[in-house]
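[1] Take this sequence and fold it.
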Amino acid sequence: MSSRHHLVIVTGANRGFGASIAHSYVKHSGASSVSFVLVGRDKQGLDTVLSELKHSVNTSNNHVAVKGTVVANVDLADISILDDSLARIHAAAAQLRTEAAQSNSAITKSVLFNNAGSLGDLGKTTKEVTWQDARRYFDFNVVSFVGLSSTFLKETQAAFPNDQYPQHQTVIVNISSLLAVQPFSNWGLYATGKAARDRLLGVVALEEKENNVKTLNYAPGPLDNMMQADVRRTLGDKEQLEIYEDMHQKGSLVAMDDSSRKLVLLLEKDEFASGGHIDFYDE
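    Reported below is the predicted structural model:
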């Protein structure tokens, strides 16, 4: 079987679902080699995740070559340094591409997981949200998302022009939410941001369909993680709050590794419609 060397960028990779995605990718992607660019704010957390990824391969029967680099102290909410942040991320990817070429281990697939994001103030209804709130929220959750996705496409296609590398595949994944397609009280900014991200990748799917590019909006379900704990602590809608509290107490929140495994297997099977929205609970 020919080498399947994947270059994988994960934002918000220092903990939580981002770290879980990276671990599941090693286990379930079908790649023979994975070169990671792990992006986040916390260097120690990123270094730990990368070390764990390498260690997990060395201590299992999963014969995947894992290498990578971390891009730390990245705050995608700070638009004043977004150009620098994007340049650092893609310089790291370029270095891994160069190393792959030098070792005659050609990269066959490039994947961007847009995982970084925030909740917004769930204590507010829309009439209480100011335009300043919206500006801060969308800078992080939409503007930086557009910048990262656009730059990833340009850099990847420059490195692997379709006429020279027809077998190379490019994939952009948006970590979405049910809120992108169904409204709930108190989630105005979050729902709007997720819907915008979904629609953008729908557009990209149409624009890039001749360039071996696919996009996926994946809603991971109500995850048992720190963000869900923040939801239960701050959500102003009492009816929803009771539902989440009940799920937490009954242990019915979604385990991060279960959801990230489903996501990676979706990518590995490659049967999803580009630009579509798939939920963890979908068959």
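[2] Which helix or strand contains the closest residue to residue 220 other than its chain neighbours?
    Excluding the flanking residues, the one nearest residue 220 by Cβ to Cβ, 6 or more residues apart in numbering is residue 259, at 4.2 Å. Just so you know, the C-beta spots here come from the backbone N, C-alpha and C atoms, and that holds for glycine as well. Following DSSP states H and E, one finds residue 259 within helix 256-269.
[3] Quick check: which helices or strands does that helix pack against?
    Here helix 256-269 touches helix 16-28, strand 169-175, strand 213-219, going by 3 or more Cβ pairs under 8 Å, 6 or more residues apart in numbering; DSSP states H and E.
[4] need the next SSE after the longest one, C-terminal direction.
    Going back to what we said before, that points to helix 16-28. strand 33-39.
[5] next one: the last one
    Scanning the chain past strand 213-219 towards its C-terminal end, the next helix or strand to appear is helix 226-234 (assignment: DSSP H and E).
[6] now what about that following helix, what contacts it?
    Outside helix 226-234, the residues within contact range by Cβ atoms under 8 Å, 6 or more residues apart in numbering are 15-16, 119, 121-123, 222, 241, 244-245, 248, 253.
[7] returning to what we had before: could I get the helices and strands packed on helix 256-269 as JSON lines with mean pLDDT, distance to residue 274 and mean neighbour count?
    Listed next are the helices and strands packed on helix 256-269 as JSON lines, based on pLDDT from 0 to 100; distance: least, Cβ to Cβ, whole Å; neighbours: other Cβ atoms under 10 Å:
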{"stretch": "helix 16-28", "mean pLDDT": "96", "distance to residue 274": "19", "mean neighbour count": "23"}
{"stretch": "strand 169-175", "mean pLDDT": "98", "distance to residue 274": "9", "mean neighbour count": "23"}
{"stretch": "strand 213-219", "mean pLDDT": "98", "distance to residue 274": "4", "mean neighbour count": "25"}
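[8] so how far is residue 51 from the spatially closest residue to residue 268 that is not a sequence neighbour?
    Closest residue to residue 268 in three dimensions, ignoring its sequence neighbours and counting by Cβ to Cβ, 6+ apart: residue 30, at 4.8 Å. Distance of residue 30 to residue 51, computed by Cβ to Cβ, to the nearest Å: 23 Å.
[9] more neighbours, these two?
    Neighbours were counted for residue 30 and for residue 51 using other Cβ atoms under 10 Å; residue 30 has more, 16 against 10.
[10] so the more buried one touches residue 6, yeah?
    No. At 9.0 Å, residue 30 does not count as touching residue 6 under the criterion of Cβ atoms under 8 Å.
[11] and residue 225, what pLDDT?
    On pLDDT, residue 225 comes in at 86.
[12] ok, it - contacts?
    16-17, 256.
[13] Enumerate every residue touching residue 70.
    Residue 70 neighbours (Cβ under 8 Å, 6+ apart): 13, 37-40, 43, 46-47, 50.
[14] Tabulate the residues you listed (JSON lines), appending pLDDT.
    Formatted as JSON lines, the contacts of residue 70 follow (pLDDT from 0 to 100):
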{"residue": "13", "pLDDT": "96"}
{"residue": "37", "pLDDT": "98"}
{"residue": "38", "pLDDT": "98"}
{"residue": "39", "pLDDT": "98"}
{"residue": "40", "pLDDT": "96"}
{"residue": "43", "pLDDT": "96"}
{"residue": "46", "pLDDT": "97"}
{"residue": "47", "pLDDT": "97"}
{"residue": "50", "pLDDT": "96"}
